[in-house]
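S.K.: this is a predicted model, with the sequence first.
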Amino acid sequence: MPRERGTTMRVKIADAARFIANLCPFTAGSLRGDCLQVLSGVAATGELPAEYAETLREAQRERTARYLAGEGREAVPHAPAYVVTSYGTPIAWVTLAGEVVIPPMTYSATTTRHQALVRAALGAELVAA
């Protein structure tokens, strides 16, 4: 999958699992995968419950603050490195330490299919943050 850094590929939903498994940015209709850089903020959290949304935002804020304090890019292992969203709601993320977080939420039928696709691509079960 050679690409320029920072570019997002438009792909078919059938190809999304490959992009997710490789933690590559993509857009497949309402499903999207994004790599968060050290100075990135967490985009809108959509329908993600407040406790998960705040955990996600706070970890990224801490990552940025510690990086700016000179502690390096990997100083906050629980910070999100890759986030998958469905209709603008984060449904899964992979931390800098490689932990897969898939909040155990129920959404629409389409987002439920997206969650299953992510679980299969990342070999993960629903877990709490």
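M.R.: Now that the structure is in, tell me what you want to look at.
S.K.: show me the helices in this structure, by range?
M.R.: Counting by DSSP state H, residue ranges of the helices within the chain are 13-21, 50-68, 109-122.
S.K.: JSON lines please, covering the ones you listed and showing mean neighbour count and mean pLDDT.
M.R.: Using the backbone N, CA and C atoms, a C-beta is placed for each residue, glycine as well. Shown next, in JSON lines, are the helices of the chain (neighbours: other C-beta atoms under 10 Å; pLDDT from 0 to 100):
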{"stretch": "helix 13-21", "mean neighbour count": "16", "mean pLDDT": "95"}
{"stretch": "helix 50-68", "mean neighbour count": "17", "mean pLDDT": "92"}
{"stretch": "helix 109-122", "mean neighbour count": "17", "mean pLDDT": "95"}
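S.K.: okay, the ones you listed in CSV with distance to Ala44 next?
M.R.: Output for the helices of the chain, formatted as CSV (distance: least, C-beta to C-beta, whole Å):
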stretch, distance to Ala44
helix 13-21, 20
helix 50-68, 9
helix 109-122, 15
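S.K.: Gln37 is nearest to which of the ones you listed?
M.R.: helix 50-68 (9.5 Å; C-beta to C-beta).
S.K.: for that closest one, packing partners?
M.R.: If you count contacts as 3 or more C-beta pairs under 8 Å, 6 or more residues apart in numbering; DSSP states H and E, helix 50-68 packs onto strand 80-86, strand 89-95.
S.K.: quick check: Ala44 vs Ser30, distance?
M.R.: Per C-beta to C-beta, to the nearest Å, Ala44 is found 14 Å from Ser30.
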